[in-house]
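**Student:** Predicted coordinates and the sequence they were generated for:
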Amino acid sequence: MVAVPESRRPGALQRLYRWAAIVAALVVFAGFAQTYYLKAWFGTPTLPTLVHVHGLVMSTWFVVFATQVWLVESHRIRLHRRLGLFGAALVVLIPILGIATAIEGARRHAGPPGIPPLIFLSVPIFDILVFAGIAGSGLLLRRRSDFHRRLMLLATLGILTAAIARLPLDFIRHGGPLVFFGLADLLILACIAIDTIRQRRLHPAFGWGAAVIIVSQPLRLWLAGTPAWMAFAGWLVG
């Protein structure tokens, strides 16, 4: 693949990443405020230790992503690369903890009401696998900054579904997967549209990365109702 030249106005593109990091952090905080960050004020049920660890690691990812964006904007590339080693460790740790937490949640019937736990299990597991694939690709392509930064942005936005589903808005809570995924996709497509307009072409990383995220959504919903998935999910949950 041929590297796509970056815009001659890097400040405009950097603002895109800055605002994307801010929006992602706000969505995560708003979505999990009642059940995690501010649960002491809302009196929500006690969470298992595994969920706390998972929440801490995921929160750290969004903090690290925002910090990395700031370091690049500040031209502190050496520190950005050093922190990237910690980010790489998170890319390994997040799928392990995420899948374990999803399985434990299915055992506790912690998913949305009205959806059988084994069926819903496909949603978080696919979220985690897609995140791992895109973020891992971003790490492999870290020497190609145009690919690296876009893939890391996609990985971060693509894993917002769980936070969006928990936003305290009725149309979201009752909208089901179509709304959860749709809002996450809107954020992704908005970033891609801005980048494409600035660059005057669709960057390949955004093209195939967004395709993987969006195509995986109906695929997991279809797969969740198959006997093969039910057997596999039953085996996972034990």
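**Tutor:** Sure, I can see it.
**Student:** Which pLDDT value belongs to Leu186?
**Tutor:** The model reports Leu186 with a pLDDT of 96.
**Student:** in what helix or strand does it lie?
**Tutor:** helix 177-199 (DSSP states H and E).
**Student:** Pull out the buried positions in whichever helix or strand comes after that helix.
**Tutor:** The helix or strand immediately downstream of helix 177-199 is helix 204-224, counting by DSSP H and E. Within helix 204-224, the residues that count as buried by 16 or more other Cβ atoms under 10 Å are Ala205, Phe206, Gly209, Ala210, Ile213, Ile214, Ser216, Gln217, Arg220, Leu221, Leu223, Ala224. Glycine gets a C-beta too; all of them are placed from N, C-alpha and C.
**Student:** what's the distance between the last one and Ser122?
**Tutor:** What it means is Ala224. Distance, Ala224 to Ser122, by Cβ to Cβ, to the nearest Å: 4 Å.
**Student:** now the first one
**Tutor:** In this structure, Ala205 lies at 26 Å from Ser122, with Cβ to Cβ as the measure.
**Student:** what's the distance between the helix ranked longest in the chain and the middle of its chain?
**Tutor:** Longest helix of the chain, by residue count under DSSP state H: helix 77-107. Averaging C-alpha positions (Cα atoms, centre = their mean, to the nearest Å) puts helix 77-107 11 Å from its chain's average.
**Student:** Check which helices and strands that helix sits against.
**Tutor:** With contacts taken as 3 or more Cβ pairs under 8 Å, 6 or more residues apart in numbering; DSSP states H and E, helix 77-107 sits against helix 49-73, helix 117-120, helix 122-140, helix 227-237.
**Student:** mean confidence for it?
**Tutor:** The model assigns helix 77-107 a mean pLDDT of 95.
**Student:** Next, the angle from that helix to helix 122-140.
**Tutor:** 160 degrees (axes from the mean of the first three to the mean of the last three Cα atoms, to 10 degrees).
**Student:** what is the orientation angle of helix 77-107 with helix 49-73?
**Tutor:** 160 degrees.
**Student:** Could you pull out the buried residues of helix 77-107?
**Tutor:** Buried, per 16+ other Cβ under 10 Å, within helix 77-107: 80, 84, 87, 90-91, 93-95, 97-99, 101-103, 105-106.
**Student:** surely Ala205 meets Phe147?
**Tutor:** Yes: shown here, Ala205 and Phe147 form a contact pair, counting by Cβ atoms under 8 Å, at 4.5 Å.
**Student:** Report the set of residues contacting both of the two.
**Tutor:** Leu141 (Cβ atoms under 8 Å, 6 or more residues apart in numbering).
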